[in-house]
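**Q** 3D, please:
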Amino acid sequence: MYQVGLDERASLLAYHLEQAGEDVKAAQQNVRAAIWVGANDPSQALRSWKKVHELLRKATRSTEINYLRMMASGQIVNFGLHEGMSSDEAQTYFEEATALAVDLNDTRANARIHAARCAKKMSASV
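**A** Here you go, the predicted structure:
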């Protein structure tokens, strides 16, 4: 019925899922919302990724949960540094993202996390 516009409505669905106590499903919808909004509104994307991180904090660890946490932490670094996040705060998320990437044996994600961090540091020094 509502197949068109699901990405735009993902944050609304995430809100209702969170209110229903479905934190993992809410986090998944917040990921969808963050990806959709990321190209046009970095500050909203940052808020969405932080919400994903918050919702998964209490979730039972699994490969899927750890992957979502890695994505969230990596994207918080990516958008956070762009939006004025302190280096110290970004470092905390960076360390979490890289540790999870290593635990997941995801060398590609680990390389991307490092590359994004280096690119942000280089652009800040120019």
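**Q** Enumerate every residue touching the most centrally placed residue in the chain.
**A** In the chain, the residue lying closest to the centroid (CA atoms, centre = their mean) is Ala72, at 2.1 Å. The contact partners of Ala72, by CB atoms under 8 Å, 6 or more residues apart in numbering, come to Ala27, Val31, Trp49, Lys50, Val52, His53, Leu56. Every residue, glycine included, has its C-beta placed from N, CA and C.
**Q** count of neighbours near the second one?
**A** For Val31, the number of neighbouring residues by other CB atoms under 10 Å comes to 22.
**Q** Please, where are all the helices along the chain?
**A** For the chain, the helices defined by DSSP state H cover 6-19, 23-38, 42-56, 63-82, 87-103, 107-125.
**Q** From Glu54, how far out is the residue nearest to the centre of the chain?
**A** Computed as CB to CB, to the nearest Å, the Ala72 to Glu54 distance reads 9 Å.
**Q** Please report the number of neighbouring residues for Tyr67.
**A** The burial count for Tyr67: 15, using other CB under 10 Å.
**Q** Repeat that for the one 4 residues further on.
**A** Close neighbours of Met71, defined as other CB under 10 Å, add up to 22.
**Q** now stretch 112-121: how far from the chain's centre is it?
**A** 15 Å (CA atoms, centre = their mean, to the nearest Å).
**Q** what's next to that stretch, contact-wise?
**A** So stretch 112-121 is contacted by Met70, Gly74, Val77, Asn78, Leu81, His82, Ala90, Phe94, Ala97, Thr98, Ala101 (CB under 8 Å, 6+ apart).
**Q** For it, C-alpha coordinates in CSV please.
**A** Output in CSV follows, covering the C-alpha atoms of stretch 112-121 (Å, rounded to 0.1, in the frame of the first residue of the first chain):
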residue,chain,number,x,y,z
ARG,A,112,36.5,2.9,5.0
ILE,A,113,36.3,4.0,8.6
HIS,A,114,40.0,4.9,8.6
ALA,A,115,39.8,6.6,5.2
ALA,A,116,36.8,8.7,6.3
ARG,A,117,38.6,9.7,9.5
CYS,A,118,41.8,10.6,7.6
ALA,A,119,39.9,12.6,4.9
LYS,A,120,38.2,14.6,7.7
LYS,A,121,41.5,15.3,9.4
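**Q** I'm done for today, thanks for sticking with me.
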